[in-house]
Structures are given as C-alpha cells and as structure tokens.
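*Asks:* Got a predicted structure here, sequence first:
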Amino acid sequence: MKEYDVLTSGYVSMDHIIKVASPVKVGFTSLVTNKNNSQIQYGGCSVNIAYALCKLGKKSLPVIRVGGDYECNGFKRFLEDGKVPLDGIKVLKEEITSICYLIQDNNSDHIAIFYPGAMDGKLAEKLEDGLFRKTKLGVVTVAARQDNEEFFKQCKKYNVPVVFGMKDDFNAFPEAFLKELLTGSKIIFTNEVERGIIEKLYGFRDITELFDIGEADIIVTTLGKDGSICYERTGQGVQREKVGICPVEHVVDATGSGDSYMSGFLYGYLNGKEAKECCVMGSVLSWFVLQKEGCCTSLPTEEEFLKKYEDWISGRS
C-alpha cells in the first residue's frame with residue numbers, strides 16, 4: 001500500500017503579481033494598476049499541483065526547500081490549511097523562500113523576475129529514499145537541474161512512474177537531461193511551443209514518434225482556448241483524442257491554469273479514468289482557476305469539482 005499518491009518536484013514561489021498600464025520599457029516609468037501588488041500569492045508548479053490534488057482528496061506532497069521565513073510569510077499555514085503533507089519540505093533557516101515578481105502589462109504579456117533563494121541549485125542534496133518507496137507517481141516540473149536530476153534518479157531507483165510537465169527552459173532542462181526525461185517518463189504534458197521544441201530536438205515529423213523510442217504511454221498537448229490533444233499508446237496503436245475547453249465567461253488570471261490542468265488530469269488518472277476523461281477533468285479544474293487571481297485561490301473541493309464535471313459532461317452529451 002503506497003502512502004502517497006504523488007510527489008512533485010519543482011520551484012516553490014512566493015509570487016507578487018504586478019499589473020502595469022503599459023509595456024515595460026527601459027528609461028520609462030510604468031504605472032502599477034493593482035493595489036494588491038505586494039500581496040503574496042503562494043505558488044510554484046510543484047506547490048500548485050500538490051495543493052490542487054490535496055484539495056481533491058489525494059495525498060500529494062511537494063519535495064522542496066524553503067527559507068527561514070517559511071512560517072512568518074504565511075506559507076506554512078497555507079499548506080496546512082490545504083492539508084498538504086509537509087514531509088518533503090526542508091527548512092534552510094539562513095536562506096529565504098523563493099520569490100517571483102510577475103509583471104503583466106495591458107496586453108497580458110508577462111515578465112517573470114525570480115530569486116531562487118532556498119531552491120537554488122547549489123543547495124541541492126540527496127533526497128530521502130523513504131519518500132520514493134511510498135509513492136504512486138513522481139511529477140517533474142521546472143526547477144534547478146540538480147534538484148530534478150536527483151528527483152528523477154530516485155523515481156527510477158524505486159520504479160516510480162514519472163510525469164513530466166515540459167517547460168521551455170534549457171537551464172532547468174539542458175538537452176541531455178531533457179532527452180532522459182522525454183524517454184523515461186510515462187506521461188508527458190506540453191503546450192504547442194514545447195511540442196515544437198521536442199519535434200525539432202529529435203527531427204520528428206510528429207511528437208507521437210516519442211512512443212517509438214521511450215516509455216511514454218500518454219502525451220498531452222494543451223492548445224489554450226482550443227482545448228487539448230491526448231495521444232495514448234494502446235494495443236491497437238496510438239489513439240488520438242481532442243478535448244475542448246470548459247468555457248469561462250470571464251478569464252481573470254491564466255497564471256497556474258496549466259498546473260491545474262495537469263492536476264485535474266492526474267486526479268482522473270489516479271481514479272482509473274480513461275485518458276480522454278482525464279483531459280476533461282483537467283479542463284474542468286482549469287475552469288475554476290481561471291476565474292480568480294492567483295494559482296491556488298479558487299481551487300475547488302472534490303465535491304465542487306465533481307459537480308462541475310458532471311454538469312459539464314451532461315451538457316456535452
């Protein structure tokens with residue numbers, strides 16, 4: 001019996017969202033338009049996924065390092081309120097927890113300024129074997145290369161299936177390591193740009209050629225407002241399914257919507273749903289997150305999530 005459903009690897013981030021009235025330019029002053037710009041939005045891909053899954057009743061924990069400000073900045077309480085296990089967290093008292101300043105202009109273009117703090121790659125260490133003996137899935141998101149290499153190594157050592165959330169970041173994923181992840185992961189998530197990078201990297205005509213050289217059983221490409229495409233390796237060959245979005249009347253903030261899609265998908269996967277329905281669940285969970293500012297602000301309970309899911313599939317049928 002596994003103790004954890006999912007371990008997640010990736011940066012933690014104390015996000016500050018700064019909205020400006022016009023694109024930022026050197027030599028010009030940009031006026032900030034949101035008065036809550038100093039408020040911390042707790043996040044980072046690994047935290048977003050673990051928190052969402054815990055809200056949905058799964059046991060998921062982020063494997064991260066935090067600084068000595070972990071309690072006074074409210075992050076510990078945030079995790080406890082979300083019933084996120086703290087077993088994978090190491091506190092470095094002389095460091096501070098990672099901080100990100102997300103600058104969004106009037107065209108919805110973003111600039112991210114990140115201070116790694118306790119998650120700096122130079123602070124990476126061997127991870128505890130016990131965590132990996134007791135988990136069903138390991139999720140790799142963007143982090144320092146040293147941390148993800150150790151996490152991936154431990155997953156392989158204990159035969160933990162790897163889920164890879166691709167990111168266009170060659171500092172985190174230099175080519176050799178990226179190829180290890182792409183050929184050694186069971187489930188791979190990309191967007192359209194990341195899919196193109198993979199195809200170019202291998203000289204593929206289509207990303208489904210990954211099935212011929214690696215361990216992947218499922219590859220998902222998200223398409224923004226056009227939904228997502230899921231490819232699955234089956235006994236009858238590669239099956240392709242396209243799933244639309246769960247429409248949102250007014251999008252407030254798209255930050256974290258990709259992480260919520262992955263979380264909804266994994267909730268379905270852990271509950272034995274078919275790949276297509278996992279995609280639907282990903283779309284439904286994103287529906288909640290898109291409607292408020294912050295990656296975890298509007299995450300639903302399992303009951304709220306399943307009600308919306310049932311309502312939507314009933315309306316589609």
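*Replies:* Now that the structure is in, tell me what you want to look at. Numbering: from 1, shown residues only.

*Asks:* Now residue 79: which helix or strand?
*Replies:* helix 75-81 (DSSP states H and E).

*Asks:* Pull the residues that contact the helix or strand that that helix is followed by.
*Replies:* Next in sequence after helix 75-81, counting helices and strands by DSSP H and E, comes strand 89-92. Contacts to strand 89-92, defined as C-beta atoms under 8 Å, 6 or more residues apart in numbering, come from residues 62-68, 70, 79, 118, 123, 125. For glycine as for every other residue, the C-beta is placed from the backbone atoms N, C-alpha and C.

*Asks:* Helix or strand next in line after strand 89-92, which one?
*Replies:* According to DSSP H and E, the helix or strand after strand 89-92 is strand 99-104.

*Asks:* Which parts of the stretch 151-300 of the chain are helices?
*Replies:* 175-184, 192-202, 210-213, 257-270, 275-289 (DSSP state H, counting those that start in this stretch).

*Asks:* With respect to residue 301, which of these lies nearest?
*Replies:* Evaluated over these, closeness to residue 301 peaks at helix 275-289, with 10.3 Å, by C-beta to C-beta.

*Asks:* what packs against the next helix or strand after that closest one?
*Replies:* Per DSSP H and E, the first helix or strand lying C-terminal to helix 275-289 is helix 302-316. Counting contacts by 3 or more C-beta pairs under 8 Å, 6 or more residues apart in numbering; DSSP states H and E, helix 302-316 packs against helix 275-289.

*Asks:* now for the helix it packs on, which elements pack on it?
*Replies:* Using 3+ C-beta pairs under 8 Å, 6+ apart: helix 275-289 touches strand 218-222, strand 228-234, strand 237-243, helix 257-270, helix 302-316.

*Asks:* between it and helix 257-270, how many degrees?
*Replies:* 140 degrees (axes from the mean of the first three to the mean of the last three C-alpha atoms, to 10 degrees).
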